[in-house]
Structure formats: C-alpha cells, structure tokens
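**Student:** Let me see the structure of the following:
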Amino acid sequence: MRDSTELQTRREPLALAARDVVQRYGDVVALDQVSLDVAAGKSVALVGESGSGKTTLLRCFNRLVEPASGVISVGGADVRERPIVALRRMIGYVPQEGGLMPHWRILRNVALVPTLLGMPNATAVAADTLALVGLPAERFGGRFPHELSGGQRQRAALARALAARPGVVLMDEPFGALDAITRSDLQAAFDALRHELSFTMLMVTHDLAEAARLADELVVMRAGRIEQQGTIDQLATSPATPYVATLLERALAASAPLRGLA
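**Tutor:** Reported below is the predicted structural model:
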C-alpha cells in the first residue's frame, strides 16, 4: 500500500477541450478551426505526419503556445483565466528530449514540482515516484542525467511529470528516440502507471502502433485539421477520409501490431 502522505497528493483527472482553435506561424496555418474533447481519465493520442499541427495543439493546453483565436480549457476552465505558472504546475509535461535539468541530480529533478507546490513531503513523493518508474532513489536519485542511459533518463522524465500526481499529463513523442526494446518496456511501464494513478493523457506520436497501445482514442491530424477521432477499431473499419484509410493501410503493410485488429 502507498504511504498515506503520497496518496493525499493525488489529483482527480481533468477533462480537456479545444474550441475552434486557430494558430499561424507567419503564412503557415498550424491549426485551422480545431475542436477536440478529451474526457476526464481518458488517454488520447494525436497522430499524423510532421507538420500536421499535433505538437502545436498539445502545447496549447499548457500555454507553451498561445493560439491566435479559439478557446482551450482544462477542467472546464479557460486556460487564459489561470496564471501560466499555476497552470503548468497542475499539468504534467514530458517533452521530446525529457527536459531534465542537467546540473541537478535525479531526485531533485523529480521533486521540482512537488517542492514548488509547497508539499511538505516533496522528497518522499519524488522517491516514491522514481520507484514506480523502476528507478529506485537509493540507486539512481543521486545521479546526474548524463550518468543515466537514454531509457533511464526518459523514466526519470516520466517520474518528474507524475510526481505531483497531476490530473493531466501531456506527452510529446516521449519514446521516439529510444531503441525498440527500451521503447516497448517503457510503453508497458507507462501504461501500467496510467491505470494505477488515473490521470487524463494527451500524447503526440507519429507511431500508430504506439498510439493504439497506449490510447483509448486516436485523433488523426493533417494540415492543421482533425480528420477523425475514434478508437483504433473505428478508424480501421470506418475511416472518415481517404487520408485516414491510407494511414491505416500503411501501418498494416508495415506489420504494425495494432491493438484490436486481426
């Protein structure tokens, strides 16, 4: 059983929503009237080719991107109504390269948000979370990021995102730079943690098999628009557009082990 002080830090899952969101980078339209709903406690993967707008959409939820128009909400509240610092402390975030502080030891990295939130048990919570991701603090907590393998650094990045037990976790290609075996191991570990800790997840990935493994629903994006949102079975049996059909066909041709497909 978890220590009672650790359990008290747990947050309820929060719903995410985007309404008619537009974002441009110069003449390039990154998001074109995008609307999206992610129910509390669900996991959703944004998939699509490079330049489809998926990372831009993800970053709107923690205000790393401020859209030109539209409304982004977390837990039913417009993110613009909450100070950026407070918003980011309530949302776990795993960027592509992990984003660990290179000059801080691992335990301090993981304890960052609990400490900023004023949790009296921040170090204990960080140590507990490191154990959850397979990095016991007594062995790994005193190391610097450069002293870990790529897979271990990514585990530490996951621990940092989860340490304050956020209601939402955003993940941007979290396993993309890892070898196949390490990636599969981390996917399995993260999937178990998601069910144990119960949070809402929004993840960016270019890997359809990974999306099918980790997400309840997939959102296929192309050229700044959402082509279809649904389960992997719904996408496979009833693709809404030729692009979605082609995406699934290519994944099957590459023998991608998609969950739920024969």
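
**Student:** CA only for contacts and neighbour counts going forward, please
**Tutor:** Noted.

**Student:** for the most centrally placed residue in the chain, phi and psi?
**Tutor:** In the chain, the centroid-proximal residue (C-alpha atoms, centre = their mean) is residue 171; its distance is 2.3 Å. Backbone torsions of residue 171, given as degrees, to the nearest 10, read phi -130, psi 120.

**Student:** Now do it against residue 49, distance only.
**Tutor:** According to C-alpha to C-alpha, to the nearest Å, residue 171 stands 17 Å off from residue 49.

**Student:** Could you do residue 103 as well?
**Tutor:** Residue 103 is 34 Å from residue 49, by C-alpha to C-alpha.

**Student:** Likewise for residue 211?
**Tutor:** 13 Å.

**Student:** which of these two has more neighbours?
**Tutor:** Each of residue 211 and residue 49 has its neighbours counted (other C-alpha atoms under 10 Å); residue 211 has more, 24 against 15.

**Student:** Contact partners for that one?
**Tutor:** Counting by C-alpha atoms under 8 Å, 6 or more residues apart in numbering, residue 211 touches 45-47, 205, 218.

**Student:** Show me the helices in the chain, by range?
**Tutor:** For the chain, helices defined by DSSP state H occupy the ranges 4-7, 54-60, 84-89, 106-110, 112-116, 122-132, 137-140, 150-162, 180-197, 208-214, 232-237, 242-253.

**Student:** Mind listing residues that contact the longest one?
**Tutor:** Among residues not part of helix 180-197, those counted as contacts by C-alpha under 8 Å, 6+ apart are 10, 132-133, 151, 155, 165, 175-176, 210, 214.

**Student:** Just the terminal-to-terminal distance for stretch 48-58.
**Tutor:** Distance between the two ends of stretch 48-58: 13 Å, counting by C-alpha to C-alpha.

**Student:** quick one: contacts of it?
**Tutor:** By C-alpha under 8 Å, 6+ apart, stretch 48-58 touches 30-31, 46-47, 65, 170, 172, 202-206, 220-225.

**Student:** If you count neighbours, what's buried in stretch 84-104?
**Tutor:** 87-100 (16 or more other C-alpha atoms under 10 Å).

**Student:** Give me the below-cutoff pLDDT ranges for the chain.
**Tutor:** Within the chain, the segments meeting pLDDT under 70 span 1-10, 252-262.

**Student:** Take the contacts of residue 211 and lay them out in TSV including neighbour count and distance to residue 197.
**Tutor:** Formatted as TSV, these follow (neighbours: other C-alpha atoms under 10 Å; distance: C-alpha to C-alpha, whole Å):
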residue	neighbour count	distance to residue 197
45	30	18
46	28	22
47	25	24
205	22	22
218	25	21
